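>>> Attaching a predicted model along with its sequence, questions to come.
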Amino acid sequence: MLKVCVDATAVRGKLSGVGFYNLSLIQALQDLQRQEDFQLSVYFQPALKAWLQGNLSPSPLLANVSQPYCLPLPVTIADLLMRFPNSRLEGLERRLEQPDIVQGTDHFVFPCRHSRNILTIHDLTFIKYPQYVSKIVTTYRDRLERSLKWTDAVITFAENTKQDLIEYFKIQPEQIYVTPQASRYQINDLASEQIQILKSQSHYDFKRPYLLFVGTLEPRKNIISLIKAFNYLKSTHKIEHQLVLIGQLGWKYESILAAMQNSPYAVEIHHLSYLSNEQVALFYSQAEVFVYPSFYEGFGLPILEAMTLGTPVITSNSSSLPEVTGDAALLINAHDVLELAETIFQVISDRTLRAQLIDKGQERARQFSWTKTAQTTLQVYRSVLEL
């Protein structure tokens, strides 16, 4: 029987993009075991702070996973040890009980000598746009180049990222497999009764329409352009809408907060930090339009979530985003604030267009599922063993 061990290190704390992918893939692979002949296990490496405190416990989110393996070294420490031969790494590998496949899920894979190693690369922001990332993320390139030395195959989520990998790392195309992600939600997830309950539990007043953004507050997401477009729409078109930004503070967010505070319409801009899955779904479902003007994405999961829950989408015409949307969204130049503003106005003022985008979005969303992602990933495992 095929034995697979998936890195679950990113499944901890308040999940964002990598963590959502990691947990969703594990859950879908668990379900797939019931009909496919393979055995799934997971491993995790503790965060540096937890390690220093002697806390080697798995995340509560992994409670349904039987006996996750702990490799008791943080990724940063393990990465340092990998720069020269180290017997301790072999001892850690033995903890995994010799799986056939080991999949690293966040730009790093443990150097297992007795397994085929698969490396998941989400995007190359840290190489293409280093000005958008934190100092820690800029170290990813060195870590990634080391991991590629013992990697048998690479998983990414879009053809655009695959081409980036070929260009920047000279990886052979046949070594790169594209496994698109999926929404954490299902179409019609929220019944009308549930919507009313969630509204009553929220501190937000849903009586006024709003534009919505969901994602970490960081420069790559181009939120300042969205705020400028919002200011323009309020002053020029006198729209009644609010602007709602949902997401945790990432890095280099100070200018984003300043743009919010300095806006003449600051009282109508609402930043909501981390919300439950149900509350985020509520905001998606009630938004007039979802706006995601990101400069660069490896996939763009929030646009798929918005389409799933019946929200018309406006996003950028660059990187992987057009691959995800197909013809189900309006695409704009992320550097053109006026185009962004006028496209938003077009959607909120044309009910027929809005309805068409909702229908197309949900039809597009049906093409993605975590079951498909798991099935495609399992095919990658089997292909790698045949190499």
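That came through, no problem. Numbers count the residues shown, from 1 in each chain.
>>> got a pLDDT number for the spatially most central residue of the chain?
By C-alpha atoms, centre = their mean, the mean C-alpha position of the chain lies nearest to residue 17, the distance being 2.7 Å. Residue 17 is assigned 82 on the pLDDT scale.
>>> Identify the residues contacting the closest residue to it other than its chain neighbours.
Distance criterion C-beta to C-beta, 6 or more residues apart in numbering; nearest residue to residue 17, sequence neighbours excluded, is residue 301 at 6.2 Å. (C-beta placed from N, C-alpha, C; glycine too.) Contact analysis of residue 301 by C-beta atoms under 8 Å, 6 or more residues apart in numbering lists 17, 20, 21, 181, 183.
>>> Run through the helices of the stretch 251-387 of the chain in chain order.
Secondary structure of the stretch 251-387 of the chain (DSSP state H, counting those that start in this stretch): helices located at 254-262, 277-286, 301-308, 321-325, 337-349, 351-365, 370-385.
>>> Which of the ones you listed sits closest to residue 146?
Residue 146 lies closest, by C-beta to C-beta, to one member of these: helix 370-385, at 19.5 Å.
>>> hmm, back to that, now tabulate the contacts of residue 301 in TSV and tack on secondary structure.
Formatted as TSV, those follow (DSSP: H, G, I helix; E, B strand; the rest coil):
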residue	secondary structure
17	helix
20	helix
21	helix
181	coil
183	coil
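>>> So which of these is surrounded by the most neighbours?
With neighbours taken as other C-beta atoms under 10 Å, the top of the contacts of residue 301 is residue 21, carrying 27 neighbours.
>>> Look up how far residue 232 lies from the nearest residue to it once chain neighbours are set aside.
The shortest distance from residue 21 to any non-neighbouring residue, by C-beta to C-beta, 6+ apart, is to residue 181 (5.8 Å). Residue 181 sits 33 Å away from residue 232, taking C-beta to C-beta, to the nearest Å as the criterion.
>>> How about residue 385?
In terms of C-beta to C-beta, residue 385 sits 55 Å off from residue 232.
>>> would you say residue 67 is within a helix?
No. Using three-state DSSP, the secondary structure at residue 67 is coil, not a helix.
>>> From residue 158, how far off is the nearest residue to it once chain neighbours are set aside?
Distances taken as C-beta to C-beta, 6+ apart place residue 41 nearest to residue 67, at 7.6 Å, with adjacent residues excluded. Counting by C-beta to C-beta, the gap from residue 41 to residue 158 is 28 Å.
>>> what are the phi and psi angles of the residue nearest to residue 272 when sequence neighbours are not counted?
What sits nearest to residue 272 in space, not counting adjacent residues and going by C-beta to C-beta, 6+ apart, is residue 246, at 4.9 Å. With angles defined as degrees, to the nearest 10, residue 246 sits at phi -110, psi 120.
>>> okay, residue 246: pLDDT?
95.
>>> now do residue 222
Here the pLDDT value assigned to residue 222 is 97.
>>> isn't it right next to residue 296, touching?
No. Between residue 222 and residue 296 there is no contact under C-beta atoms under 8 Å: 9.3 Å.
>>> Count residues in the vicinity of residue 196, would you?
If you count neighbours by other C-beta under 10 Å, residue 196 ends up with 10.
>>> Next, work out how far apart residue 132 and residue 251 are.
Taking C-beta to C-beta, one finds residue 132 at 9 Å from residue 251.
>>> These two: which has the busier surroundings?
Shown here are residue 132 and residue 251; by other C-beta under 10 Å, residue 132 has more neighbours (20 against 16).
>>> ok, that one to residue 304 distance?
Applying C-beta to C-beta, the value for residue 132 to residue 304 is 22 Å.
>>> low-scoring stretches of the stretch 251-387 of the chain, by residue?
387 (pLDDT under 70).
>>> Could you rerun that using 90?
251-252, 273-277, 385-387 (pLDDT under 90).
>>> tally of neighbours for residue 32?
18.
>>> Tell me how many other residues surround the closest residue to it other than its chain neighbours.
Closest residue to residue 32 apart from its sequence neighbours, by C-beta to C-beta, 6+ apart: residue 374 at 4.7 Å. Residue 374 has 24 neighbouring residues, counting by other C-beta under 10 Å.
>>> ditto for the one 3 residues further on
Using other C-beta under 10 Å, the number of residues around residue 377 comes to 22.
>>> show me the contacts for it.
Counted by C-beta under 8 Å, 6+ apart, residue 377 has contacts 25, 29, 103, 155, 179.
>>> Equivalent analysis for residue 179, please.
So residue 179 contacts 155, 156, 157, 373, 376, 377, 380 (C-beta under 8 Å, 6+ apart).
>>> what touches both of residue 132 and residue 251?
Residues touching both residue 132 and residue 251 (C-beta under 8 Å, 6+ apart) are residue 218.
>>> that older thread, residues in contact with the residue nearest to residue 21?
21, 24, 157, 299, 301, 304, 368, 370, 373.
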